[in-house]
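J.: Got a sequence here, can you build the structure:
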Amino acid sequence: MRRVLGIAVSILAVLVVAPAAFAGGWATVGLSSTPAGTQPGEPWKVNMTVLQHGETPLPGLQPTITIRNGDATKTFAAKPTKETGVYAASVTFPTAGKWTYVVNDGFMSGKAHTFPAVDIGAPAAATGPAATTDDGSGGVSWMWLALGGLAFLLAALILVVRNRRDHGHQPQAA
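T.: I've put the predicted structure just below:
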């Protein structure tokens with residue numbers, strides 16, 4: 001019984017410590033508006049909020065917004081505002097059409113946060129704050145599920161090896 005309890009504690013420790021070892025390098029980005037309703041040549045003025053782990057505002061970054069339509073690509077730098085973790089950008093779409101836009105948060109390796117494509121030059125529907133991206137910021141991550149599964153398999157393998165070893169070294173009754 002004592003051995004089983006020790007193995008159970010070991011499994012629990014692996015499942016708790018392994019995710020913590022890989023945590024830390026992600027951020028979320030929220031936009032104050034979408035470019036819906038923006039006309040070609042007009043600036044889309046947007047504030048982006050960059051939060052480490054979706055909670056802590058991150059100062060001192062150099063985020064960018066990249067727009068793309070076919071082969072046309074432009075990148076716009078965002079500048080810090082007076083509010084910690086909030087950066088302002090002015091983005092101008094040169095022509096009408098369907099454009100994609102991606103925010104590079106500037107944190108650590110600079111993760112790209114994608115947002116739905118927008119029709120520039122089309123009449124605006126109701127515009128409001130854009131949703132915050134969930135790129136690694138919440139929900140179930142397949143990586144964590146895989147790591148948990150791997151930890152479980154490793155613990156099961158250790159249990160089987162120990163069990164066989166223990167049964168192989170027991171003294172024989174005479």
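J.: Just the buried positions in stretch 87-107, please.
T.: Neighbour-count burial for stretch 87-107, counted by 16 or more other C-beta atoms under 10 Å, picks out 87, 89, 91, 93, 97, 99, 101-107. In short, each C-beta sits where N, CA and C put it, glycine included.
J.: next SSE after the helix or strand bottoming out on mean pLDDT in the chain?
T.: Lowest on mean pLDDT, DSSP states H and E among the helices and strands of the chain sits helix 2-22, with a mean of 54. Remark: after helix 2-22, the chain's next helix or strand is strand 27-31, criterion DSSP states H and E.
J.: Next secondary structure element downstream of that following strand?
T.: From strand 27-31, the next helix or strand downstream (DSSP H and E) is strand 43-52.
J.: quick one: that following strand to strand 27-31, angle?
T.: Counting by axes from the mean of the first three to the mean of the last three C-alpha atoms, to 10 degrees, strand 43-52 lies at 150 degrees to strand 27-31.
J.: who does strand 43-52 pair up with?
T.: Strand pairing for strand 43-52, using DSSP bridges, gives strand 27-31 (antiparallel), strand 56-57 (antiparallel), strand 86-92 (antiparallel).
J.: Just confirm residue 30 contacts residue 48, I think it does.
T.: Yes: counting by C-beta atoms under 8 Å, residue 30 does reach residue 48; the two are 6.9 Å apart.
J.: Quick check on the two: which one has the bigger neighbour count.
T.: Shown here are residue 30 and residue 48; by other C-beta atoms under 10 Å, residue 48 has more neighbours (25 against 19).
J.: any idea how far that one is from residue 120?
T.: As judged by C-beta to C-beta, to the nearest Å, residue 48 and residue 120 stand 19 Å apart.
J.: Ok, residue 160 next?
T.: Distance from residue 160 to residue 120, by C-beta to C-beta: 61 Å.
J.: and the buried residues of stretch 87-107, which of them are in strands?
T.: Among the buried residues of stretch 87-107, the ones falling in strands (DSSP state E) are 87, 89, 91, 97, 99, 101-104.
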